[in-house]
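Peer 1: below are the sequence and a predicted model for it; my questions follow.
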Amino acid sequence: MMSKIFRAPEGLADGGSAGAATLSTAPAVGAHAAAPLGPIKIAARDVSVFYGEKQALFGVSLDIPDKTVTALIGPSGCGKSTFLRTMNRMNDTIPGCRVTGEIEMDGGDINDRKIDPVLLRAQVGMVFQKPNPFPKTIYENVAYGPKIHGLASSKGELDDIVQKALKRAGLWDEVADRLHSPGTGLSGGQQQRLVIARAIAVEPEVILMDEPCSALDPIATAKIEELIDELRERYCIVIVTHSMAQAARVSQRTAFFHMGKLVETGDTEEIFTNPRERRTLDYITGRFG
Amino acid sequence: MNQHTVKAYGDELNQLTAEVVRMGGLAEAQVADAIESVARRDVALAKAVVERDNRLDALHRDIEKKSIRLIALRQPVASDLRRTLGAMKLASDLERTGDLAKNIAKRALILAEGEPMQPLTRSIERMGRLVSTRLRDVLDAYTASEIERALSVWSTDDEVDEHYNALFRELLTYMMGDPRTITACTHLLFMAKNLERIGDHATNIAETVHYEITGEEMLGERPKAVPGPGEEQTPTPHISTQPSDLTDD
Amino acid sequence: MTDAAQNPSAVSPRTRRLQARLRGRYARETRFKWYGRAAIGFALVFLVILLGSIIMQGRTAFYSHSVTLPVYMDASRIDRSYPQGANFEQIVAEQQLRRLGVEDDAQGTKAAAMKALFSSELKFQAAGMIARQPGLLGQTVPVTAPLSDNADLYLKGEISRAVPEDQRRVSNEQMAWLDRMKASGAVRAHFNTTLFTKGDSTQPELAGLLGAVVGSALMLLVTALIAIPVGVCAAVWLEEYSPRNRITAIIEVNINNLAAVPSIVFGLLGLALFINFMHLPRASPLVGGLVLALMALPTVIIATRSSLKAVPPSIREAALAMGASRTQTVFGHVLPLAMPGVMTGSIIAMAHALGETAPLLLIGMISFVPGVPHAIDEPVGALPSLIYIWENASERAFHERTAAAILVLLAFMIVMNAAAILLRRRFERRW
């Protein structure tokens, strides 16, 4: 009965290439006006990913605005993590993986073979699902990035960088007196914040997060979500999450993936009150399967 | 339409909707019976209407409770959220409708003690039937999720206003002609007012149904008949700033 | 369950069946536990027998007898400028005979018999004393030297009177003399330091392990210096850098097979390649080390690879995501975490190499090498080949020494394996 009521997709049925072209700039209705979205930081155009013969992503085109949290949602195996990893060329480390299409950032295509992924990853940081601090001290964990990229010319500068990163990650107060104890001795939530501090110590422009709270309890999750909210003022953040409630809480833009295709993208408020696509509606209301 | 993966969730939503439909049927009956009791000067019927009103109140409270429970425990989004909110709004409108019908019935009891006033009560009856039909139509639109029917109810709100204006003039004329009829005519005037309010509630329900189905607010001014001199202007509560975007497939 | 005990008639048939099956399962488990204990007991029994027999045979090698005799340095028979030329053995034998009050016959057979009781070391000791202090001529000085191997054996109880005299190496007369010298305190038993301080010798009483131990140590040094770096780097390349295609698959299969190749094949390779083709010095620690390195290489590679595989990929991903290059990731993060496994594997590979005999025999370590080696390009002996040589020697006294050498070799291996286990325990689970 509802199918009659839904507006015809207007060219979105092929998987979202039209959807990405229009960025919502209209102010939202009513009292809950969202913060205005920043300029486009990363623009993916027709990105496909192949693992050997198997294709995992089919022509995804998506705009990621700056100083905004963009959430990628979708059922398991829909390609959202794969797409996330194209943005810092982590797929290069998988043998047999091929990425086609363009991913524009700061005027250049980062998918170009000539770009050094090592340098790219200093600008695009990543936080993983399971907290993975190095088995070194807290200080050395955070100092690792600045050290290998030569960002600090003296020990004092390095100390400053470490302190600033830990403060921004909301961890300084808890570890200031034990910077030289092992990073693996912290709790799960603290470890994840340590990993975030490690990522922001190199002053990246983009932070990618692959289900950062899946392994954490609700209180640690809430702290991380609060941290993401604070970080969004300085960085462009893209977060992959299984929890739609988290996507709804944390993001301003949401993109729904299904079976390797981008189905719909839009302001989070719209996606969760009135999505355009049937598949999106079915997914977020729990009617899949 | 796919089922919810968690069946209990879908069942809860359906139960909520079913209860609203039940409440709607009850409200419809109250309005129809109240009009009937005026037309036929039926005291027993009027008393029944007055008593049955608390059933409507109980249903309203129950629907509100169910809605809150659904929101807290299931965190509905999109269409499910609109359905839940729609149910709450409808229940509120239907409860007010019931109160207005009770009011009409009370006045009918008073009128029944006096002289019959055929032509006037017939006008009331006509207006009442119109309002009753509109209410029935909009509730059918809700039950069947038919947006065209809801839209047609919404766009004919001015018919009720015309009836009201005509009745108003008629009653004034009567009162000026024969001062002995002032008491009865005043009651009839209030009844007419109540009926006009019920018509507004039906329009509210139409707007809620439209929002629930399309997810977009109804835009534009409600059609309103121009009031005559001395008549009050009923305010239109729902105005949006976005351009009109009505489509039907 | 208690219900059933109290009220059997109330137990349902289903419960009864379950209980019966449960009893059967417990019985099977108990039987299995006993099988396991029996198996371990069986293995332990053999271990005890093996060790016990070696210990029983070898324990006597750890002490030996020496004799201290006052020797009159007869100036008439000893040339001051050339003391080595004097016939010290005869001198000492005659003097000792006189001391014991034994008359010699015309042919000097008794002196000869007395001579046979002392090690040839005696004359070197005496000559050395005179050479260092010529002023001792004409004086009576105590000279200490080991007893000959047969005399030593007799005093350890290895030669008994029950055997007919002509089938023995020690005559009754000699036995009597030895008893008297023992009783008078001239002959003393003490810890056999010779075994640990001297190199190999044709005389059992003068033979020691030090030469072979040093030879083995030098060889192991060469092996370690070659096998560990090459093996670790090869494993790192195979695991972290190489593409996964047919060629690397073939390499992997070959490495795994090489680990199972009989060691004598490596000896043949060493003989053909290092000695005949490259003309490296035969029986040197260099060649031995090279051959053993080739043998140990597959083990090191396999152990290193599995340690590298055991490092969780999340560490690699974290480092790569931070902008570390692949080399920085491997050498800064993965390899340090894999190090305990690498060390354990290397130590075990070295322990195996230490005990390999067949390849050493083929490259020439079968021959007699006296003294203690100093360089890696001179011929040496190694512990395993020494054991082989001593086992084949004709002197009876070498039997106990062979067992002692085996014990020393076993001790080395136990120490090395224990070190490997300790390292593994200590560094396990650091992340």
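Peer 2: On my side now, so go ahead. As the structure is a computational prediction, the values presented were derived from the model and not from experiment.

Peer 1: mind listing what residue 143 touches?
Peer 2: If you meant another chain, say so; for now it's chain A. Residues counted as contacts of residue A:143 (C-beta atoms under 8 Å, 6 or more residues apart in numbering or on different chains) are A:152, A:158, A:161-162, A:201. Every residue, glycine included, has its C-beta placed from N, CA and C.

Peer 1: oops, I was thinking of chain C
Peer 2: Contacts of residue C:143 (C-beta under 8 Å, 6+ apart): C:68-71, C:92, C:122, C:125-126, C:129.

Peer 1: now, among the residues you listed, which is nearest to chain B?
Peer 2: Closest to chain B out of the contacts of residue C:143 is residue C:125 (98.0 Å), distances taken as C-beta to the nearest C-beta.

Peer 1: buried stuff in stretch A:181-201?
Peer 2: Buried residues in stretch A:181-201, counted by 16 or more other C-beta atoms under 10 Å in any protein chain shown: A:182-184, A:186, A:189-201.

Peer 1: narrow those to those in helices?
Peer 2: A:189-200 (DSSP state H).

Peer 1: can you put those residues in JSON lines and add distance to residue A:210 and pLDDT?
Peer 2: Below are those laid out as JSON lines (distance: C-beta to C-beta, whole Å; pLDDT from 0 to 100):
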{"residue": "A:189", "distance to residue A:210": "17", "pLDDT": "91"}
{"residue": "A:190", "distance to residue A:210": "19", "pLDDT": "93"}
{"residue": "A:191", "distance to residue A:210": "15", "pLDDT": "94"}
{"residue": "A:192", "distance to residue A:210": "12", "pLDDT": "94"}
{"residue": "A:193", "distance to residue A:210": "16", "pLDDT": "94"}
{"residue": "A:194", "distance to residue A:210": "16", "pLDDT": "95"}
{"residue": "A:195", "distance to residue A:210": "11", "pLDDT": "95"}
{"residue": "A:196", "distance to residue A:210": "13", "pLDDT": "94"}
{"residue": "A:197", "distance to residue A:210": "17", "pLDDT": "94"}
{"residue": "A:198", "distance to residue A:210": "15", "pLDDT": "95"}
{"residue": "A:199", "distance to residue A:210": "12", "pLDDT": "94"}
{"residue": "A:200", "distance to residue A:210": "16", "pLDDT": "92"}
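
Peer 1: using a markdown table, please lay out those together with distance to chain C.
Peer 2: Formatted as a markdown table, these follow (distance: C-beta to the nearest C-beta, whole Å):
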| residue | distance to chain C |
| --- | --- |
| A:189 | 17 |
| A:190 | 16 |
| A:191 | 11 |
| A:192 | 12 |
| A:193 | 15 |
| A:194 | 11 |
| A:195 | 7 |
| A:196 | 12 |
| A:197 | 12 |
| A:198 | 7 |
| A:199 | 7 |
| A:200 | 11 |
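
Peer 1: need the max-distance pair from these.
Peer 2: A:189 and A:200 (16.7 Å; C-beta to C-beta).

Peer 1: and the residue of chain A closest to chain B?
Peer 2: Closest point on chain A to chain B, by C-beta to the nearest C-beta, is residue A:274, at 3.1 Å.

Peer 1: ok, and the closest non-adjacent residue to that residue?
Peer 2: Distance criterion C-beta to C-beta, 6 or more residues apart in numbering or on different chains; nearest residue to residue A:274, sequence neighbours excluded, is residue B:215 at 3.1 Å.

Peer 1: chain A versus the nearest residue to residue C:407 once chain neighbours are set aside, what's the distance?
Peer 2: For residue C:407, ignoring the flanking residues on the chain, the nearest one in space by C-beta to C-beta, 6+ apart is residue C:58 at 5.1 Å. Separation of residue C:58 from chain A (C-beta to the nearest C-beta, to the nearest Å): 47 Å.

Peer 1: you'd agree residue A:57 is in a helix?
Peer 2: No. Using DSSP: H, G, I helix; E, B strand; the rest coil, the secondary structure at residue A:57 is strand, not a helix.

Peer 1: list the contacts of it.
Peer 2: So residue A:57 contacts A:47-49, A:79, A:82-83, A:86, A:260-261 (C-beta under 8 Å, 6+ apart).

Peer 1: tell me the centre residue of chain A?
Peer 2: Nearest to the mean C-alpha position of chain A, by C-alpha atoms, centre = their mean, lies residue A:238 at 2.1 Å.

Peer 1: correct me if wrong: it contacts residue A:64.
Peer 2: Yes. Residue A:238 is within contact range of residue A:64, at 5.9 Å (criterion: C-beta atoms under 8 Å).
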